[in-house]
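J.: for reference, the sequence and a predicted model appear below.
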Amino acid sequence: QVQLVESGGGLVQPGGSLRLSCAASGTIFKIYGMAWYRQAPGKQRELVANITSSGTTNYADSVKGRFTLSRDNAKNTVYLQMNSLKPEDTAVYYCNADRIAMPWGSQYDLWGQGTQVTVSS
């Protein structure tokens, strides 16, 4: 079984930066699309950014120009660099992989456990 493990969350002041990481563990042939979602208290989970296996990215309008999503396929890891953070960015951030290919088959729609990001003075 493959697992997604997130790290890098925490408390930061408005205007500050954080970098989230999401690493896939296990015997992996290929990870296809990956994404970060977030869920604030009382709100629905929303897409923050996604990246294809070839590196094409897409961002929510609310984070364009502030967040950068990248991936290191050799490390089976994606990174979300978050700059100019605002209080409204406060949420639990979840990593998602739409498909992970392994020697014995594929797993679909995998989620990490989530990491808390709090932006507050």
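T.: That came through, no problem. What you see is a predicted model; the values in this text were computed from it and never measured.
J.: residue 98 - that's part of a strand, no?
T.: Yes. Assessed with DSSP: H, G, I helix; E, B strand; the rest coil, residue 98 lies in a strand.
J.: now do the closest residue to it other than its chain neighbours against residue 108, distance only.
T.: Excluding the flanking residues, the one nearest residue 98 by Cβ to Cβ, 6 or more residues apart in numbering is residue 33, at 4.3 Å. The way it works is simple: take the backbone N, C-alpha and C, and place the C-beta from them, glycine included. Distance, residue 33 to residue 108, by Cβ to Cβ, to the nearest Å: 11 Å.
J.: chain center to stretch 69-80, what's the gap?
T.: Offset of stretch 69-80 from its chain centre (Cα atoms, centre = their mean, to the nearest Å): 10 Å.
J.: and the end-to-end length of that stretch?
T.: Distances were taken as Cα to Cα, to the nearest Å; on that basis the terminal residues of stretch 69-80 are 5 Å apart.
J.: list the buried ones in that stretch?
T.: In terms of neighbour count (16 or more other Cβ atoms under 10 Å), stretch 69-80 has its buried residues at 69, 71, 76-80.
J.: hey, where'd the helices end up in the protein?
T.: Remark: no helices are assigned in the chain by DSSP state H.
J.: any idea how far the residue nearest to residue 81 when sequence neighbours are not counted lies from residue 41?
T.: Ranked by Cβ to Cβ, 6+ apart and with sequence neighbours excluded, the top spatial neighbour of residue 81 is residue 68, at 4.4 Å. Using Cβ to Cβ, we find residue 68 at a distance of 26 Å from residue 41.
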